[in-house]
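One predicted model, sequence on top.
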Amino acid sequence: MGQKLKITGWVAAGAVAGVLTTVSLQTVARGSLAPLPLEELQQLAAVFGMVKTDYVEPVDEKKLISDAIAGMVAGLDPHSQYFDKKSFKEFREGTTGRFVGVGIEISQEDGLVKVVSPIEGSPAFRAGLKPNDLITKIDDTAVRGLSLNDAVKRMRGEVNTKVMLTIYRKDENRTFPVTITREEIRTQSVRGKVIEPGYGWIRLSQFQERTVDDFVKKVEEIYKQDPNLKGLVLDLRNDPGGLLDAAVAISAAFLPENVTVVSTDGQLAESKFVYKAAPEFYQRRSGTDPLRGLPAGLKTVPLVVLVNEGSASASEIVAGALQDHKRATIMGSQTFGKGSVQTVRPLGPDTGLKITTARYYTPSGASIQAKGIVPNVLVDESAEGSPYAALRMREADLEKHLASGQGPEQKDPEREKARDEARKRLEEEAKKPPQDRKVPEFGNDKDFPLLQAIASLKGAPVIVSKTQVIVDNKEEKKDN
């Protein structure tokens, strides 16, 4: 397999929500460093000295250096980041699916913190927070001007302590406070059930350390309940990503052995790698194949994968692999487009640097970055359509985002037109009573995309979207 996998750091497959992977590639000798720009470094040292001696009041030297590192990295792309002691601890907690906080997946929009999704069963979920809610204040601190990392720090804390979030709900045009008691969040990343005789549904909300084991258990439960499964829906909607090895394992559960799942390419030799559907590419150090007990029928059962604008990174790896190998029909909306690799390198015992080191490519060689996965069948989020989808952020909308590396990006005037129309619909929708605007929960009998997926598996007609706009659908292929 060329290079042997080795745990030496973290290679990131997470989305804007910050869930990242703990699989690393073998570290190789890099040779001598390039010559340092001495004149610029002298300027940096001079500024440090001036701030230290001339600033109106004493400053903390360690904070100055940390801020300088953070600023240097923040200028690269939205996903490169310097971890101080606290944020490094929180990063490592995030990969286990356990942390103390309110339980929301977040991104940024217009300088505010946007709720991508409340984690099911969390304090935020029970408090009624909804996707697309904007957090304007955390306790008495205005969010505008805070980095996403700073906002996360303020929302996390000790168990049983309280935090007050001020929420602006755009579709209701109102602002209101919510006081939430922090808890240890143990996210359940896998749900599933038999929807009706012969048809199952499995939802992955994140790719975490327990995801593969929980996925295997859920598949076994479904097959025990209905051994003659005729079709399965893999639901990756609003899944922000997570552990790379988990994404490779979930893909391998459905694919023939040893086919390519995803490849990476970057400047370093260790960034050039091909992950395949074989145990050595996803099993942990315990040494056993977590997929060994899966029913054989999972390799051939008709499969539909549901995705939307919130499906990112590891979710896109799975959808892209199953699509390229023609193993599944991808349905829903174009995905987020988070196709870059972040490697986390410790800088000491309790600090680290997360830096973008490569791009992801689907088995056919297509870049995921700033493009995402275009479904085989475009399906709206409700029978009335997806009136607000054009307003949702994608990777390509993020400031300083990394380009795909496969040709220049083009602004789509049709999408801007769709955004204007969506804003007008939003104004009209805000006039309706709240109960008329509730989006059905994933997996229930009013889940429109799920109903279309089941119809597809049965060979029945599917209600295809007539309004969705594809972003940058003309993509070139990577030369292999």
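Everything's here; your move.

three-state assignment of the residue minimising distance to the centre of the chain?
By CA atoms, centre = their mean, the chain has its centre lying nearest to Pro240, at 2.2 Å. Three-state assignment for Pro240 (DSSP: H, G, I helix; E, B strand; the rest coil): coil.

how close does it sit to Gln208?
Distance of Pro240 to Gln208, given as CB to CB, to the nearest Å: 11 Å. For the C-beta atoms, the positions are set from N, CA and C on the backbone; glycine is no exception.

now swap in Leu268 and tell me
Leu268 is 27 Å from Gln208, by CB to CB.

Kindly report the same for Ala328.
Taken as CB to CB, the span from Ala328 to Gln208 is 22 Å.

So if I had to pick from these two, which one is more boxed in?
Applying other CB atoms under 10 Å to Ala328 and Gln208 shows that Gln208 carries more neighbours, namely 24 against 21.

Break the protein down into its structural domains.
99-186, 190-340+360-458 (automatic domain parsing).

Kindly compare burial across the ones you listed and name the winner.
Among the domains of the chain, domain 190-340+360-458 has the highest mean neighbour count (mean count of other CB atoms under 10 Å), at a mean of 20.

Just the terminal-to-terminal distance for it.
24 Å (CA to CA, to the nearest Å).

And the average pLDDT for that domain is what?
For domain 190-340+360-458, the mean per-residue pLDDT is 86.

and what of stretch 161-176?
Rounded mean pLDDT across stretch 161-176 is 93.

Just the CA atoms of that stretch, as CSV, please.
Only the C-alpha atoms of stretch 161-176 are listed here, as CSV (Å, rounded to 0.1, in the frame of the first residue of the first chain):
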residue,chain,number,x,y,z
THR,A,161,-23.2,25.9,35.0
LYS,A,162,-25.5,28.2,33.1
VAL,A,163,-25.0,30.2,29.9
MET,A,164,-27.5,32.7,28.4
LEU,A,165,-27.6,32.9,24.6
THR,A,166,-29.4,35.7,22.8
ILE,A,167,-31.0,34.3,19.7
TYR,A,168,-32.2,36.0,16.5
ARG,A,169,-34.5,33.8,14.6
LYS,A,170,-34.7,35.2,11.1
ASP,A,171,-37.8,33.4,9.9
GLU,A,172,-39.8,34.8,12.9
ASN,A,173,-38.0,38.2,12.8
ARG,A,174,-37.5,38.2,16.6
THR,A,175,-34.8,38.2,19.2
PHE,A,176,-35.1,36.3,22.5
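
isn't Pro449 right next to Ile330, touching?
No - Pro449 is beyond contact range of Ile330, at 11.6 Å (criterion: CB atoms under 8 Å).

The domains of the chain into a markdown table, with extra columns for distance to Gly352?
A markdown table is the format used below for those (distance: least, CB to CB, whole Å):
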| stretch | distance to Gly352 |
| --- | --- |
| domain 99-186 | 13 |
| domain 190-340+360-458 | 17 |
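
which residues of the stretch 51-200 of the chain fall in strands?
With DSSP state E, counting those that start in this stretch as the criterion, the stretch 51-200 of the chain has strands at 81-83, 98-101, 104-109, 112-118, 134-138, 141-142, 162-169, 174-181, 183-186, 190-196, 199-204.

Adding distance to Arg154, write those strands out as JSON lines.
What follows is these, written out as JSON lines (distance: least, CB to CB, whole Å):
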{"stretch": "strand 81-83", "distance to Arg154": "16"}
{"stretch": "strand 98-101", "distance to Arg154": "10"}
{"stretch": "strand 104-109", "distance to Arg154": "12"}
{"stretch": "strand 112-118", "distance to Arg154": "10"}
{"stretch": "strand 134-138", "distance to Arg154": "4"}
{"stretch": "strand 141-142", "distance to Arg154": "6"}
{"stretch": "strand 162-169", "distance to Arg154": "7"}
{"stretch": "strand 174-181", "distance to Arg154": "12"}
{"stretch": "strand 183-186", "distance to Arg154": "16"}
{"stretch": "strand 190-196", "distance to Arg154": "30"}
{"stretch": "strand 199-204", "distance to Arg154": "29"}
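
who are the neighbours in contact with Ile368?
Contacts for Ile368 (CB atoms under 8 Å, 6 or more residues apart in numbering) come out as Glu316, Ile317, Gly320, Gly337, Lys338, Gly339, Arg359, Tyr360, Tyr361, Thr362.

Would you mind checking which of these is nearest to Phe91?
Lys338 (16.5 Å; CB to CB).

Next, that closest one: phi, psi?
Main-chain torsions, Lys338, degrees, to the nearest 10: phi -90, psi 90.

Repeat that for Leu303.
Dihedral angles for Leu303 - degrees, to the nearest 10 - are phi -130, psi 130.

just how off-centre is stretch 446-459 within its chain?
24 Å (CA atoms, centre = their mean, to the nearest Å).

ok, now stretch 367-374?
The answer for stretch 367-374 is 13 Å, by CA atoms, centre = their mean.

same deal with stretch 225-236?
For stretch 225-236, the distance to the chain centre is 24 Å (CA atoms, centre = their mean).

Residues in contact with it: which ones?
Stretch 225-236 is contacted by residues 194-195, 197-204, 222-223, 250, 254, 297-298, 301-307, 311, 315, 318-319, 322, 328, 442-443, 450, 453-454, 457-458 when judged by CB under 8 Å, 6+ apart.

I'd like the next helix or strand past the biggest strand by length in the chain.
Counting residues, the longest strand found in the chain (DSSP state E) is strand 352-361. Once strand 352-361 ends, the next helix or strand along the chain (criterion: DSSP states H and E) is strand 377-378.

residue contacts, Ser117?
Contacts of Ser117 (CB under 8 Å, 6+ apart): Ile104, Glu105, Pro131, Ser205, Asn238, Gly310.

just Val116 next, same as before
Contact analysis of Val116 by CB under 8 Å, 6+ apart lists Val16, Ala17, Ile104, Glu105, Ile106, Ser107, Pro131, Asn238, Pro240, Gly310.
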